[in-house]
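Novice: here's a sequence, model it:
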Amino acid sequence: MFRPLRIVTALMVALLVPILSAATVSAEPTPTRLAFLGVLLQNDNEGLEPTTDAEQSRMAAIGKQFTSTLAASGHYEIVQVPEEMLSKVNRGQPLGHCGGCEADYGRTLKADRVAWIVVQKVSNLILNMNVYVADVASDKYVYIKSVDIRGNTDQSWSRSLKYLLDNYFFEQKS
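Specialist: Numbering: from 1, shown residues only. Okay, here's the model as predicted:
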């Protein structure tokens, strides 16, 4: 017995299964929403070696380097932090020492994670860069890494952040 309806149905299924499978496989995961709360400078010798305009510029530059590198990775959507909130962050207790204020900022911004960078200036030759990322839902750190910097130049700061991101931050994604 010849059943044309069964043949047509079988052909339609054979053609649709690969199309539906390809659509499912190619679906990209949703990027993690990350709010960057800024770069802080902890100058241990402010009285002897005050923070310079160049260091202020470096702080802004590594903040931009951090957010643009994460956004370019495709794994992160950078949440814009309003200027009024950044002012509140800068006026309040230091990030990492504020009893969970970082997660509160993240919840307000509807972010999945919050991040910030602290550069500790021990002297003009010895600095330390620390990158922190906290999960907003659990209010727990998911990433803390540090690198020592020898020399206080634009290049040393930029290379230090690049090293942290390339060798630690993105390594945890794989």
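Novice: show me where the protein dips below the pLDDT cut-off.
Specialist: 1-27, 172-174 (pLDDT under 70).
Novice: the strands in it, which residues?
Specialist: Assignment of strands within the chain using DSSP state E yields the ranges 32-43, 76-79, 113-121, 126-135, 140-150.
Novice: of all these, which one is nearest residue 50?
Specialist: The closest approach between residue 50 and any of these, judged by CB to CB, belongs to strand 32-43 at 7.5 Å. No exception for glycine: its C-beta is placed from N, CA and C like everyone else's.
Novice: who does that closest one pair up with?
Specialist: Within its sheet, strand 32-43 is paired with strand 76-79 (parallel), strand 113-121 (parallel), according to DSSP bridges.
Novice: list the contacts of residue 90.
Specialist: residue 38 (CB atoms under 8 Å, 6 or more residues apart in numbering).
Novice: contact partners for the residue nearest to residue 115 when sequence neighbours are not counted?
Specialist: Residue nearest to residue 115 in three dimensions, not counting chain neighbours: residue 133, with 4.5 Å by CB to CB, 6 or more residues apart in numbering. By CB under 8 Å, 6+ apart, the contact list for residue 133 reads 34, 113-115, 141-144.
Novice: and the residues you listed as CSV, adding neighbour count and distance to residue 74?
Specialist: Rendered in CSV, the data for the contacts of residue 133 read as follows (neighbours: other CB atoms under 10 Å; distance: CB to CB, whole Å):
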residue, neighbour count, distance to residue 74
34, 23, 13
113, 21, 15
114, 28, 20
115, 25, 17
141, 12, 23
142, 14, 18
143, 15, 18
144, 12, 23
